[in-house]
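*Asks:* need a structure here:
(3 chains)
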Amino acid sequence: MRKALLASGAALMLFTQGAQAQERKLVISVYGFAQDAFKTILYDPFEAKCGCKVVVETGNSVERLAKLEANKGNPVIDMAVVSTADALAASRAGLIAPIDVTKLSNYDKLYDIAKDPIGGHLSVGYTFYATSIVYRADKVTINSWNDLFSKELAGRVAFPNVTTNQGPPTLYMVGKAMGQNTPDLKAPIAKVAEHKDDFVTFYVRSSQLVQLMQQEEIWAAPIGRFAWDGFAKMNFPIKWASPKEGQTGGMNVMMLVKGAKNKDLALEFMDYWLSTEIQTKLAERLVDSPSNKEVKLPPAIADNLTYGDDIVKTLDLQPADAILDNRDNWLSQWNAKVGQ
Amino acid sequence: MTSRLLSTIILTIVMLFLIGPFLIIVAASLSAGDTLAFPPQGLSFKWVLKVFEIESFRASFVMSMMLAILGTLAALVIGIPVSYALARYKVPFGETVRTIVSAPIIVPGIIVGLALLRYLVIPLGFNIGLALFMAHTALVLPYAVRVVSASMVNLRSDIEEAAVLLGCSRLGAFLRVVLPSIRGGILAAFILGFVTSFNQVPVSLFLSGPGVRTLPIDMLAYLETTYDPSVAALSALLAFMSIGIVFLAERFLGFSRYV
Amino acid sequence: MFQNRAEALALALPAALFAAVVFIAPVVILLSEGMRNAEGWSLASYVAFFTTPLNLTVFIRTLKLGAMVTVVAAIIGYATALCIVNLPPKGRGRMVGLVVLPLMISPVARTYAWIVILGRTGFVNQALTGLGLTDGPIRILFSETAVFIGLLQLFLPLMIIALISALENMPRDAIPAARVLGANWLQVFWKVILPLTKEGLVIGGTLVFTGSLTAYITPAILGGSKVLMLETLLYQRVTVANDFASASVIAMILIVMSFSANLLLKRLATARAKR
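*Replies:* Sure thing, here's the model as predicted:
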């Protein structure tokens, strides 16, 4: 009994002590992708450099944004990386503070479109990606976004859920292929609804797709290029489609949380992440395509990434405000028609 | 004879259904391939070894262990007295007290986690580790009370009364007479509580923060980003750990008498 | 029985207070949140919830799957438990051990295994195709069937164990006596076994039903966003939209459902006993 009491007391102290630890600590919120690579390339070297601890929270953009919102009064996160649309949402909700770009020594090396994606210096782009369709070349050919609804692929496609970052761009391209790309995405959502039983699942995390492809559960799925690496390693002939309507894509950005407890450390970390050295290493591991234009990559690697100004300019991107202003409407349409 | 054959067939099918998935997990974790598959592609221990290299698993394992051990101890520290009181005393509103302490078993865990997040962690800046500790203690409390109460049922109260008459204090009688006799029950409650807390998902689902995660939640998160067999390997290791603990407890204590 | 009230309270209060403050109070506040809006008490969240077709679908699906899993678990549970109690003691102990074993394994692992088993190239499909029951692999993952199988495997042991202990407490000669009196097996089950083991069925049934209602991992992994259940919907409402009003409504539904399942089963048990 007495031992148990002592132990519980010790437990309480241990748990509370965690919060009071006075060590310098940077808390970041990132996508769950390729965390082993990020740890060796980015977090560990940064920890060594700053003499601080990097604490990482992972999850998809929407969920992490909801957490930021919930913790608004007492922010636990210092810096977060999200999509441009979610960054805009965060700025409208008053969750983020402007970034003092004069503190970022690598700022001038960025491609112009990465410098201030949502205005007000509230975000800095650190990577781009193309969004297209991965598919089993031995089973089907994909030349158009419309092919996702083809007879051969019925029951073999995972489609991104509308709440994910890949959902709206995919719907947008489907609309374009149908010749009906109104901002409300009414036609493509109706089309997905009509074929909803033909989709294996409406995925929320693209990382899950590798397993589904491996198990031959799916033959095709629209994904962001950042997820390509897992497919490229497979024993199947997997291809990245170049649909005739073009590819879409997006940019991921860093943002500084308003009221962040370690603002200077967060800026130091951002600058480090944007440096030519780190951006090159991340690109070489095929983790993220660089937004730093001084990064030079051999063709073999560049082919696997969304690399260079020219490529980025060819992507058919949805503007962040268009995504944000329509998102609720898309979601309710989706829930009413597809979610049933 | 036919009924014996029928019985064997039924039992074989049901056991295959119950145990089969576990065997597949074990087999898949020994695969040499890069994705979870059955039959495994080749044989290797690389995924078992990889489990120990993944840092977040180490951290969340420690977290889950601490929660399971300390949460269960705390539940016993408050649970044993209330069980004793309910067995030996006329407790005012005894039934209400019993309902209150067993309520956590009826209310879905996800709601408990959400409620704590919403009213303790967010508004009061409560430490998530502490919230988890409290949630797990509350969760284990009903088991502690039930098992310890069950072990007190067969305990004769006259021995204790005799001890008091012979000049022992009430506390002394409890410590010297009651506690030793319900030792087995307490240990059974501890093991049950430990396993329940360690494998608990819904309660911990909302109670996670940067760097603070229980092991099952961490496994789910890992699954969502990587489908390599390391989670299968970890699951197999954990299962063997649980089975080992229960087996030893059964062997030396006759654990199942109390559950 | 000791009479000292102060001592009794001192012993009972810490646990009661802890459960009340840490557990009951937050849950009650959470539930009340769904019943008010900016102006005061209001059932607007409930109206909004139940007039959204998606939510209704999810609600009905959860109820349906919970009921199906409970019924099937009861049928398999009786068959298994009857087989086990008729085994010699040693075999019985082993079988009980095997039934308990899955309960010691993390539900994450148990659910995860089904992804491999139920997949297109998995066991089940190989068997179905091999036996000529289907023309080719069928899609099971991300369907209600997958969730049903996962839940059944997760909660069947609870039913079996509850029924074994009920059957063990049954008078030894009840079944032979009924047989001698000319009852067939169905009558024996209906008139003898069922009434005498109803307590076990109630306990097992409640555990399985509430377990199925409140399982998170199984619908999350095996159902995905196409087969939402109340628990996954609750998680989604909170994490995607910070929608605590819907979460509170769902919480209320889940609690009411588990309580009424408990009451209903108890009622059924006593009704049969009176006859």
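*Asks:* Mind picking out the helix or strand in the chain with the poorest mean pLDDT?
*Replies:* In the absence of a named chain, chain A is used. helix A:2-20 (a mean of 52; mean pLDDT, DSSP states H and E).
*Asks:* wait, I meant chain B there
*Replies:* helix B:122-124 (a mean of 80).
*Asks:* near chain A, anything from that one?
*Replies:* Yes: shown here: helix B:122-124 in contact with chain A (C-beta under 8 Å from any C-beta of the partner chain) through B:122-123. The C-beta positions use only the backbone N, C-alpha and C, and glycine is treated the same way.
*Asks:* quick one: that helix to chain centroid distance?
*Replies:* 28 Å (C-alpha atoms, centre = their mean, to the nearest Å).
*Asks:* and the helix or strand following it, anywhere near chain A?
*Replies:* Counting by DSSP states H and E, the next helix or strand C-terminal to helix B:122-124 is helix B:128-153. Yes: shown here: helix B:128-153 in contact with chain A (C-beta under 8 Å from any C-beta) through B:129-130, B:133.
*Asks:* What are the buried residues along the longest helix that chain C contains?
*Replies:* Selection of the longest helix in chain C by residue count, based on DSSP state H, yields helix C:53-85. Using 16 or more other C-beta atoms under 10 Å in any protein chain shown as the test for burial, helix C:53-85 gives C:54-55, C:58-59, C:61-63, C:65-66, C:69-70, C:72-74, C:76-85.
*Asks:* Repeat that for stretch A:294-305.
*Replies:* So stretch A:294-305, judged by 16+ other C-beta under 10 Å, has buried residues A:295, A:297, A:302, A:304-305.
*Asks:* how about those in a markdown table, adding pLDDT?
*Replies:* As requested, those are exported to a markdown table (pLDDT from 0 to 100):
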| residue | pLDDT |
| --- | --- |
| A:295 | 94 |
| A:297 | 92 |
| A:302 | 87 |
| A:304 | 82 |
| A:305 | 86 |
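*Asks:* name the element residue A:135 belongs to?
*Replies:* Counting by DSSP H and E, residue A:135 is part of strand A:124-136.
*Asks:* Roughly how far does the closest residue to residue A:192 other than its chain neighbours sit from residue B:49?
*Replies:* The shortest distance from residue A:192 to any non-neighbouring residue, by C-beta to C-beta, 6 or more residues apart in numbering or on different chains, is to residue A:338 (5.6 Å). Distance of residue A:338 to residue B:49, computed by C-beta to C-beta, to the nearest Å: 43 Å.
*Asks:* between those two, which one's more packed in?
*Replies:* Just comparing residue A:338 and residue B:49: by other C-beta atoms under 10 Å in any protein chain shown the higher neighbour count belongs to residue A:338, 22 against 11.
*Asks:* where's the more buried one relative to residue C:240, distance?
*Replies:* Residue A:338 is 15 Å from residue C:240, by C-beta to C-beta.
*Asks:* ditto for residue B:3
*Replies:* 54 Å.
*Asks:* Of the two, give the one with the bigger neighbour count.
*Replies:* residue C:240 (17 against 10).
*Asks:* residues contacting the more buried one?
*Replies:* Residues near residue C:240 by C-beta atoms under 8 Å, 6 or more residues apart in numbering or on different chains: A:62-63, A:66, A:163.
*Asks:* Would you convert those into CSV that also reports secondary structure, neighbour count and distance to residue C:214?
*Replies:* Shown next, in CSV, are those (DSSP: H, G, I helix; E, B strand; the rest coil; neighbours: other C-beta atoms under 10 Å in any protein chain shown; distance: C-beta to C-beta, whole Å):
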residue, secondary structure, neighbour count, distance to residue C:214
A:62, helix, 23, 24
A:63, helix, 19, 21
A:66, helix, 17, 22
A:163, coil, 23, 24
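*Asks:* burial count for the closest residue to residue C:220 other than its chain neighbours?
*Replies:* Distances taken as C-beta to C-beta, 6+ apart place residue C:232 nearest to residue C:220, at 5.3 Å, with adjacent residues excluded. Residue C:232 is flanked by 24 other residues according to other C-beta under 10 Å.
*Asks:* And residue B:240, by the same measure?
*Replies:* 14.
*Asks:* before we move on, what about residue C:193?
*Replies:* A count of nearby residues for residue C:193, using other C-beta under 10 Å, gives 22.
*Asks:* That one in helix, strand or coil?
*Replies:* Assigned state for residue C:193: helix (three-state reduction, DSSP: H, G, I helix; E, B strand; the rest coil).
*Asks:* ok now do it, which residues does it touch?
*Replies:* Residue C:193 neighbours (C-beta under 8 Å, 6+ apart): C:78, C:82, C:167, C:170, C:174-175.
*Asks:* hmm, which two among those residues are most spread apart?
*Replies:* Greatest spatial distance among the contacts of residue C:193 (C-beta to C-beta): C:78 and C:174, at 15.0 Å.
*Asks:* Where does residue A:54 sit, in terms of helix or strand?
*Replies:* strand A:53-58.
*Asks:* Neighbouring strands - and their directions - for that strand?
*Replies:* strand A:25-30 (parallel) (DSSP bridges).
*Asks:* confidence score at residue A:340?
*Replies:* Note on residue A:340: pLDDT of 66.
*Asks:* same thing with residue C:239?
*Replies:* 82.
*Asks:* which secondary structure element contains it?
*Replies:* Assigned by DSSP H and E, residue C:239 falls in helix C:230-241.
*Asks:* I'd like the distance from that helix to the chain centre, please.
*Replies:* Centre-to-centre, helix C:230-241 and its host chain are 20 Å apart (C-alpha atoms, centre = their mean).
*Asks:* before we move on, what about stretch C:147-162?
*Replies:* That offset, for stretch C:147-162, works out to 8 Å (C-alpha atoms, centre = their mean).
*Asks:* Each with direction, which strands does the helix or strand where residue A:251 lies pair with?
*Replies:* Per DSSP H and E: residue A:251 is located in strand A:248-257. Note on strand A:248-257: by DSSP bridges, its sheet partners are strand A:79-83 (antiparallel), strand A:96-97 (antiparallel), strand A:124-136 (antiparallel).
*Asks:* closest to residue B:194 out of those strands?
*Replies:* Comparing the strands paired with strand A:248-257 by C-beta to C-beta, strand A:79-83 comes nearest, at 36.0 Å.
*Asks:* Report the angle between whatever helix or strand comes next after that closest one and strand A:124-136.
*Replies:* The first helix or strand that comes after strand A:79-83 along the chain, using DSSP H and E, is helix A:84-92. Helix A:84-92 and strand A:124-136 meet at an angle of 140 degrees, taking axes from the mean of the first three to the mean of the last three C-alpha atoms, to 10 degrees as the criterion.
*Asks:* what pLDDT, on average, does helix A:84-92 get?
*Replies:* Rounded mean pLDDT across helix A:84-92 is 93.
*Asks:* so where is chain B shaky, pLDDT-wise?
*Replies:* B:1, B:253-259 (pLDDT under 70).
*Asks:* Scan it for its longest helix.
*Replies:* helix B:55-88.
*Asks:* Alright, that wraps it up for me.
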